[in-house]
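[1] this is a predicted model, with the sequence first.
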Amino acid sequence: MKLVLAEPRLLKESVSIISELVNEVTFNIDKDKIEIVAMDPANVAMILFKLLSSAFVEYEVKENKQIAVNLENLNQVLKRSKPSDTVMLELADNKLKITLRGESTRTFKLSLIDIDESEQKVPELKFTTKVEMPSTVFTEAVEDMDVVAESVSMMAEQNKFTVRSEGRFNAAKVEVLTDQGISIVMDEDKVDSKYSIEYLKKIMKGSKLTDTVVLNFGKEYPLKVDYKLMDKLMLSFILAPRVDND
């Protein structure tokens, strides 16, 4: 196995974001992609990550591999990469060998670990609502709601997307219209669902990867957040709805 990436940020930022939700993951590597399917310890959020072979300048995978690593350790190594570096991933002596090549050549070896977990299956979900918007708009809306409470309600109508939050004493609301650069496709006239601010604050960091975010949800239904770079990567999250009251 030999994988060479000329855009370190694709892996660097993705691992950094994922490491906020899970500590250990298994990379499933085949001839087409590197993939992660993981659930956070509280079973509230599922992470789906694909880094496609087309994102690499060199991609040699002779047989499918499963590599389990500690994400904190991997994150620390990838943080040492510079934007102009190339990152090479190899297997050597039952370790993940990471070579950062730029003005100098730096080599790190991370021990592989054993993860005692059953294979995570992605649930089959049927969403009634799809909202596409600039990722910065979504990020700012979540940050606005964080001032007020621990959960946020998302409401979609035919021409308007609303994010609102209510605490014991305070309230906040952000409204974005379809003529303000967002797209709304829905099967119902109005959909409303509530989610955890704590998780959304971690998920929204996917905006570091792409300018656009796609939200799929339904009434009191899981939320799927997609960040995609065409022919390069996909980072998605499935977040369970909040059913309690603040």
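    Received, thanks. Because the structure is predicted, anything quoted here is derived from the model rather than measured. Numbering: from 1, shown residues only.
[2] how about the residue of the chain most remote from its centre, phi and psi?
    Centroid-distance maximum for the chain: Phe169 at 32.3 Å, with C-alpha atoms, centre = their mean. Backbone torsions of Phe169, given as degrees, to the nearest 10, read phi -120, psi -20.
[3] what's the answer for Leu11, then?
    Torsion angles, degrees, to the nearest 10, at Leu11: phi -90, psi -40.
[4] would you check that it makes contact with Leu52?
    No - checked against C-beta atoms under 8 Å, the pair Leu11 and Leu52 is beyond contact range at 11.9 Å. No exception for glycine: its C-beta is placed from N, CA and C like everyone else's.
[5] comparing those two, which residue is more hemmed in?
    More crowded of Leu11 and Leu52, by other C-beta atoms under 10 Å: Leu11, with 23 against 18.
[6] that one: what's it in contact with?
    By C-beta atoms under 8 Å, 6 or more residues apart in numbering, the contact list for Leu11 reads 5, 51, 78, 87.
[7] report the secondary structure element holding the last one.
    The secondary structure element spanning Val87 is strand 86-92 (assigned by DSSP states H and E).
[8] correct me, but Leu21 touches Leu200?
    No - contact criterion C-beta under 8 Å: Leu21 and Leu200 do not qualify, at 11.6 Å.
[9] show me whatever sits in contact with both of the two.
    With C-beta under 8 Å, 6+ apart, Leu21 and Leu200 have no common neighbours.
[10] the more surrounded of the two?
    Legend: neighbour count by other C-beta under 10 Å for Leu21 and Leu200, higher for Leu200 (25 against 21).
[11] enumerate every residue touching Tyr227.
    135, 206-207, 209-210, 212-213, 234-236.
[12] and it, that's in a helix?
    No - read with DSSP: H, G, I helix; E, B strand; the rest coil, Tyr227 is strand and lies in no helix.
[13] for it, which non-adjacent residue is spatially closest?
    Gly206 (3.8 Å; C-beta to C-beta, 6 or more residues apart in numbering).
[14] Ile47 versus that neighbour, what's the distance?
    Separation of Gly206 from Ile47 (C-beta to C-beta, to the nearest Å): 10 Å.
[15] what is in contact with those two at once?
    In contact with both Gly206 and Ile47: 235, 237, using C-beta under 8 Å, 6+ apart.
[16] how many residues are close by Ile36?
    20.
[17] helix or strand: which one has it?
    Per DSSP H and E: strand 33-39 holds Ile36.
[18] where does this protein dip in pLDDT?
    117-118, 244-246 (pLDDT under 70).
[19] please repeat the previous calculation with a cut-off of 50.
    Filtered on pLDDT under 50, the chain yields the residue ranges 246.
[20] and Asp189, what does it touch?
    157-158.
[21] er, Ser111 I mean
    94-95.
[22] surely the residue nearest to Tyr227 touches Leu235?
    Yes - assessed by C-beta under 8 Å, Gly206 is found in contact with Leu235 at 5.2 Å.
[23] any common contacting residues for those two?
    17, 227.
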